[in-house]
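1. Structure, please.
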Amino acid sequence: MGVSFVLQWYPQYNQTSSQAEELLYNHLTKLNAKLASTWRMDCEQYGAVPNLCTIAGKSFQVIHSSEHEQLSFAVSDLMSVIVAERSFDTILTKLSDCYQVNMLTRIEAKGKKFEIGDFAVKYGSVFLGPSFKCLVVEVDYRPSSYTKDTLPLIYEFLTIVCGNIIPIPENLNHVAMLNSNFYQPSDTIFQYLQIFNECRRVNPNMGAVS
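-> Residues are numbered from 1 along each chain as shown. Below you'll find the model as predicted:
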């Protein structure tokens, strides 16, 4: 596990999401990047049942990632993250009288993972229910877990390798991390969660977060 940066992007006006993914696929293949695997991530929002639950906090979200198949990541309203074994999901079923999952806000992201040198590139589509919302690309620099030293390398990689395909921000200073120095898997989850929350906001009829 190194340091990762996750970027949200959209197809051009004359592209479908599949065409945008295929363009990046062909581009990475020409750079001799190796297709390593597929990946997926899902996010479910749990809300407190009114008048039945006295546990602090109105809601929380649970995220699963194929990169960490044995873990569940629970994120509270206050953006604190609990990393637990996947058996945590079994506990949630026993709390159904207090917390219920909102299936209308369920989000799934899935796509392909490439490896090129010391970097890994994951890209794919994000869906809210059956509806496409955006594309994501994640760049992981694997040799280092020190955020401050690594983000400039990731930015340079993005600019050189993906700059003619994906809109790249001017810098990565805006990247929000839970741990500012030593990068952890929960930092990647936190970045995806920000994108997922934004996907819910753009459709107020689907239980968007405020």
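2. shaky segments in the protein?
-> Within the chain, the stretches with pLDDT under 70 are 1, 51-57, 171, 173-180, 202-210.
3. Show me the strands in it, by range?
-> If DSSP state E is used as the criterion, the strands of the chain fall at 3-9, 34-48, 59-65, 68-76, 81-85, 99-116, 119-128, 131-141.
4. Select, out of the ones you listed, the one closest to Pro167.
-> Proximity to Pro167, assessed across these by C-beta to C-beta, is greatest for strand 3-9 (6.0 Å). Quick note: C-beta positions are derived from backbone N, CA and C, even for glycine.
5. Parallel or antiparallel, list what pairs with the closest one.
-> Take DSSP bridges as the rule and strand 3-9 pairs in its sheet with strand 131-141 (antiparallel).
6. which residues are contacting the partner strand?
-> 2-11, 17, 20-21, 24, 107, 109, 111, 118-127, 150, 153-154, 157-158, 162, 166, 188, 192, 195, 199, 202-203 (C-beta atoms under 8 Å, 6 or more residues apart in numbering).
7. picking that back up, and Phe182, which of the strands of the chain is closest to it?
-> Comparing the strands of the chain under C-beta to C-beta, the one sitting nearest is strand 3-9, at 9.5 Å.
8. which one's the longest helix in the protein?
-> If you go by DSSP state H, the chain has its longest helix at helix 185-201.
9. list the buried ones in that helix?
-> 185-193, 195-197, 199-200 (16 or more other C-beta atoms under 10 Å).
10. can I get the residues you listed in TSV with distance to Leu172?
-> Formatted as TSV, these follow (distance: C-beta to C-beta, whole Å):
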residue	distance to Leu172
Pro185	19
Ser186	18
Asp187	13
Thr188	14
Ile189	18
Phe190	15
Gln191	11
Tyr192	16
Leu193	18
Ile195	15
Phe196	20
Asn197	20
Cys199	21
Arg200	24
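11. number of nearby residues for the residue nearest to Asn102 when sequence neighbours are not counted?
-> Closest residue in space to Asn102, ignoring its immediate chain neighbours: Gln45 at 4.9 Å, by C-beta to C-beta, 6 or more residues apart in numbering. For Gln45, the neighbour count with other C-beta atoms under 10 Å is 22.
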